[in-house]
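Participant: next comes the sequence, and after it the predicted model I'd like to discuss.
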Amino acid sequence: MEIKLRQSWINTFLRCPEQARQERLGLVKQKETSDLLRGNAVHYAIEQAGLEQLHSQTTVGLDVLWDMVDEYLSAHSVLVEVWRQPYETVVDVCRANIKVWHDEVWPQLTPSAVERTFTKEIGTRDGVTLTLTGTADWEDESGELWDWKNPSRFYEPWEKKRWDIQSHAYCWALDADKFNLAVFANGQYQHIPIERTQEHIDAFIEMCWSIVPLMTANIEPWPMNWQGWHCSPKWCPVWQAGECRGKHLGEKPW
Ligand code: SF4
């Protein structure tokens, strides 16, 4: 049996196994939100700029980046189901975020790969072959990995350094030991550099294997984790579908 784990799905699993099960089976789906639109628009512009630099050794100007952001937003805003900010605010924040990337981050970087997709086998145990998949935003010529985040506020660096999954997964998959989170929030920049040693990677691989028994057990539901921001009608698609806690507590539980 082959099991493919997507890095982002591991995050969902660790927050709530039952939500992860339902998403994996396609029973529920995350809603398109203005938060996702904001992140995707900035990602898109950075990706285009990186590809241009990679293939033509030219750098695009800030005006071009702003045009890319504007075009992306106007083409994809119709897909948004949940607006957490007005459209005009999303445009302003995206423009401010891409400006700070252009001014403060990009000058330090030269890409060796952009949006690099990987599928890498972890190994085989007891007849199960485990594979990890993901997409790295930016591999730099220095050998360091970079990932762009566009949340509504800055992260706690110690939390990311202590338990961030993505940095483990990507450092393992792409043979790197330095992973950088470039966080853009309301036009401000936060840099969180993270180092992953062989010990970190070994622990991560064991964590991946720890998910397998539940996945192969053919049981449902999986454990439900209520404790955290994710377990609410605002964030959980299972709750929104009227299942799990949503079946009992409805759309306005508190
Ligand atoms: S409602 Fe809560 S416990 Fe149920 S699947 Fe969603 S996050 Fe998990």
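Facilitator: Good, I have the coordinates.

Participant: quick check: which element contains residue 148?
Facilitator: Using DSSP states H and E, residue 148 maps to strand 145-149.

Participant: which elements pack onto the helix or strand just after that strand?
Facilitator: Using DSSP H and E, the helix or strand that follows strand 145-149 towards the C-terminus is helix 157-163. Contacting helix 157-163 under the criterion 3 or more Cβ pairs under 8 Å, 6 or more residues apart in numbering; DSSP states H and E are the following elements: strand 188-195. From N, CA and C alone the C-beta is placed, and that goes for glycine too.

Participant: any idea of the mean pLDDT in the helix or strand that the strand it packs on is followed by?
Facilitator: As assigned by DSSP H and E, the chain's next helix or strand after strand 188-195 is helix 198-216. Averaged over helix 198-216, pLDDT sits at 98.

Participant: quick one on the thing from earlier: how far does the strand holding residue 148 sit from its chain's centre?
Facilitator: Distance, stretch centre to chain centre, for strand 145-149: 9 Å (Cα atoms, centre = their mean, to the nearest Å).

Participant: and stretch 194-214, by the same measure?
Facilitator: The chain centroid and the centroid of stretch 194-214 are separated by 18 Å under Cα atoms, centre = their mean.

Participant: what's that stretch in contact with?
Facilitator: Where contact means Cβ atoms under 8 Å, 6 or more residues apart in numbering, the residues beyond stretch 194-214 that reach it are 3, 5, 10, 13, 17, 122-123, 125, 128, 130, 132, 160-161, 164-165, 167-169, 171-172, 176-181, 222.

Participant: hmm, which of the residues you listed are the buried ones?
Facilitator: 5, 10, 13, 17, 122, 128, 130, 132, 160, 164-165, 167-169, 171-172, 176-181, 222 (16 or more other Cβ atoms under 10 Å).

Participant: which residues sit against stretch 112-122?
Facilitator: Contacts to stretch 112-122, defined as Cβ under 8 Å, 6+ apart, come from residues 4, 47, 50-51, 54, 129-141, 172-174, 205, 208-209.

Participant: now those residues: which count as buried?
Facilitator: Among these, the ones that count as buried by 16+ other Cβ under 10 Å are 47, 50, 130-134, 136-140, 172-174, 205, 208.
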